[in-house]
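>>> Structure here, sequence nowhere to be found:
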């Protein structure tokens, strides 16, 4: 092997011939290539990129080698370079990946030796060079890592205990491995209060299952309580992620206790109550459970006066783990005060960046009566005969104190318009102010879609805590294979924990009172399901709730915002929930019955007024977008685009020179798009008949634009192609027509030669031969482009 010129080898050759043999060792005495080594391993999916109507994935993160002490217990990363690089040239990338993957050791190699970076606390030296034949064994690295942790033999047995493996090949994602291993490590070292923050849709329940499995099977924990706040969550957990627990698991129901089990699933509400007798958790001794996991712990466990906080305090000797997507920190409620700083955080922003969570567009629709307010004329009666209090009603009042039927009809019409333009069977959740609003919205959507609602009565359904028929359809709504229900109207029931993988549209027609609630609602759409073409979703916002995107506590920006009005006012501050609305056990706001007429026996001042003769319209619309860094663009799209182009090309001359010399115009346009130039959206404003060249010259340099057809006709009139034969000239004229129809990117692609009318000239190879070969054909395309863009206008 010494006779091989290493400098001539590719990185792949260096890996195969030098690095892999060094890691595996002589006769396989080092790392087991089947169970302890992953080579060229993608550990993210690649961000979903939404550009106009096209969706693609960005580049996924790929490690050259990840080394495992045991399955799902990764310990080192190795980054390889070809031999024209130095030994340490891959170290910075290795360290970046090691930080992401929670790995204590990072290595770089060019095939001559290894550079090691020891990330364990107190390491000395931190970096050292190692000969190829002295790469550390799995046991050596594990012992060094264990020593840095100060593990006892018992702690080692817990932290190395196997994950559950069902044989299907399902593997936890890297961030789940991080969360599981950090938690097991913390518990092995004696920590008793642990907080895990993981964005909605990232598999918190599966993560919890693996934590419980490893602690239970290793004997570290013997009796476990898993608390949830929705009945459907307990059922989903029992039948899905927790199914391997089998006969050792039970769900506490009907306030009855059987102490013969080891794994207990329970609703918070089932074990607590206002009367001492209903607090059935006291039927267990305080030391009965040694592990309690609280799902969605932002929903009250952190409040010192929460009824079921008593459960945690009663079982105070148990290790307690809080799971949440949205840790709650207010003057009254604090997850961190109770559980401590998060052991691990995987944010919505990171999930979207990694491509595990769906990005989203935002359609903001401002309605005139919301934005401008409405004041009734003196003595005006609502439709039930009540005199309406004389004051100005605005967005805060809509569907709380005042119901405008025509407003509800307009919202339903906009939802229907969106679905008709995209997919009328796209799963949709409409969040309403309360149950009365959800029911009225259901009726109005039925009337807005009489054809599909007539075909199947479940096309639109109200799914709220007080409605058994609707709740019975919740499983069907979240089942990707079930067509119905398509549209679900709700108030609170579906705001957390509902695993709606194929939800394409979320409609906000309610005021959002907190960042926690906002994140939970957004989380209903963030799951990706590529089998059902769900890669992104849309939020339709009628209440300016998405102004919370600007809040520093929000950690995942939208890809596009469509806003309604030229001069929007500042969004009013959040307000507490209104008095008179009670939250039921499943979190649904329950309203008093609405008045039914002027003579009914209700209070003389009704809870809300119902008005059916006031017109409502959509306010003036404008479009807002996000820049390349994900920040909201506050200036006009035209001004922003001009600045974007000027950053790369200060003058028209600079742009024209680069455009003329670019081998592929498509590559230049892609580079500008990556910097934040919205060509599709500019075409919406200026006109779809203009090509990218003219859009840029017009927007950035105030040049009068020519349409693609005008440019193509100008070339034909100048008889530019006289030097070519008849057939070659006919090919170029056909390409000019294609340019006029579709733009320059089409002309540059060889694929265009396979479609009509060009394929009538022969196969792509035969067409290229008409010009004397591929080089001559490419030169002809350059001539065509030079002729098209001979003038800026």
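Now that the structure is in, tell me what you want to look at. It should be emphasised that the depicted structure is a prediction, and the values quoted were computed from it without experimental measurement.
>>> what about residue 18, is that helix, strand or coil?
What DSSP: H, G, I helix; E, B strand; the rest coil gives for residue 18 is helix.
>>> can you count the residues close to it?
22 (other CB atoms under 10 Å). C-beta here means a position set from N, CA and C on the backbone, and glycine is covered the same way.
>>> neighbours around the closest residue to it other than its chain neighbours, how many?
Leaving aside its sequence neighbours, residue 18 sits nearest to residue 111 (CB to CB, 6 or more residues apart in numbering; 3.8 Å). Counted with other CB under 10 Å, residues neighbouring residue 111 total 22.
>>> What's the separation between residue 111 and residue 118?
Distance from residue 111 to residue 118, counting by CB to CB, to the nearest Å: 22 Å.
>>> cool, residue 412 as well?
62 Å.
>>> Which one of those two is surrounded by more residues?
residue 412 (26 against 19).
>>> so who does the more buried one touch?
441, 444, 445, 447, 448 (CB atoms under 8 Å, 6 or more residues apart in numbering).
>>> What values do phi and psi take at it?
Per-residue torsions, residue 412: phi -60, psi -40 (degrees, to the nearest 10).
>>> quick one: it from residue 489, how far?
Taking CB to CB, one finds residue 412 at 10 Å from residue 489.
>>> again with residue 772
Taking CB to CB, one finds residue 772 at 67 Å from residue 489.
>>> These two: who's more crowded?
The residue with more neighbours, out of residue 772 and residue 489, is residue 489; 30 against 14, by other CB under 10 Å.
>>> where does the more buried one land in three-state SS?
Per three-state DSSP, the secondary structure class of residue 489 is strand.
>>> can I assume it is in contact with residue 430?
Yes - if you go by CB atoms under 8 Å, residue 489 and residue 430 touch, sitting 4.6 Å apart.
>>> could you point out where the stretch 1-150 of the chain is predicted with low confidence?
The stretch 1-150 of the chain contains residues with pLDDT under 70 at 1-3, 51-53.
>>> Tell me where it has strands.
When assigned using DSSP state E, counting those that start in this stretch, the strands of the stretch 1-150 of the chain occupy the ranges 37-42, 48-51, 54-57, 62-70, 73-80, 105-109, 113-118, 127-131.
>>> before we move on, what about the stretch 501-650 of the chain?
Using DSSP E, counting those that start in this stretch, strands in the stretch 501-650 of the chain cover 503-508, 537-541, 560-563, 582-583, 589-590, 609-611, 622-625.
>>> next one: the stretch 251-400 of the chain
Taking DSSP E, counting those that start in this stretch, the strands of the stretch 251-400 of the chain run over residues 263-267, 291-294, 319-324, 344-346, 360-364.
>>> Give me the mean pLDDT for the shortest one.
Confidence for strand 344-346, expressed as mean pLDDT, is 91.
>>> other SSEs contacting that strand?
With contacts defined as 3 or more CB pairs under 8 Å, 6 or more residues apart in numbering; DSSP states H and E, strand 344-346 has these neighbours: helix 174-188, strand 193-198.
>>> contacts for the first one?
When contacts are taken as CB under 8 Å, 6+ apart, the neighbours of helix 174-188 outside the stretch itself are 43-44, 72-74, 100-102, 149, 151, 155, 158-159, 161, 163, 172, 194, 196, 198, 202-203, 206-207, 210-211, 214-215, 220-221, 319, 321, 343-344, 346, 350, 354, 356.
>>> For residue 656, grab the count of nearby residues.
Should you count by other CB under 10 Å, residue 656 turns out to have 17 residues around it.
>>> secondary structure class for it?
Quick answer, by three-state DSSP: residue 656 is helix.
>>> for residue 663, same thing?
Applying three-state DSSP: residue 663 is coil.
>>> can you tell me how far residue 501 sits from residue 478?
Look at residue 501 and residue 478: by CB to CB, they are 7 Å apart.
>>> Would you mind telling me which of those two has more residues around it?
It is residue 478, of residue 501 and residue 478, that has more neighbours when counted by other CB under 10 Å, with 21 against 18.
>>> Residue 524 versus the more buried one, what's the distance?
Here residue 478 is placed at a distance of 10 Å from residue 524 (CB to CB).
>>> and residue 383, how far is that from residue 95?
Between residue 383 and residue 95 the distance, using CB to CB, works out to 68 Å.
>>> just residue 462 next, same as before
Residue 462 sits 53 Å away from residue 95, going by CB to CB.
>>> the more surrounded of these two?
residue 462 (27 against 17).
>>> beta partners for that one?
With beta bridges defined as DSSP bridges, residue 462 has these partners: residue 489.
>>> Contacts only, for it.
435, 438, 439, 441, 442, 470, 488, 489, 490.
>>> what about the third one, neighbour count?
Residue neighbour count, defined by other CB under 10 Å, stands at 20 for residue 439.
>>> Equivalent analysis for the last one, please.
Around residue 490 sit 28 other residues, with neighbours defined as other CB under 10 Å.
>>> which one is it nearest to, not counting chain neighbours?
Excluding the flanking residues, the one nearest residue 490 by CB to CB, 6+ apart is residue 463, at 5.1 Å.
>>> Is it correct that residue 320 is in contact with residue 290?
No - using CB under 8 Å, residue 320 is not in contact with residue 290; the gap is 10.3 Å.
>>> So which of those two has more stuff around it?
Taking neighbours as other CB under 10 Å, residue 320 and residue 290 compare with residue 320 leading, 25 against 17.
>>> Find the nearest non-adjacent residue to that one, please.
Leaving aside its chain neighbours, residue 320 sits nearest to residue 292 (4.9 Å; criterion: CB to CB, 6+ apart).
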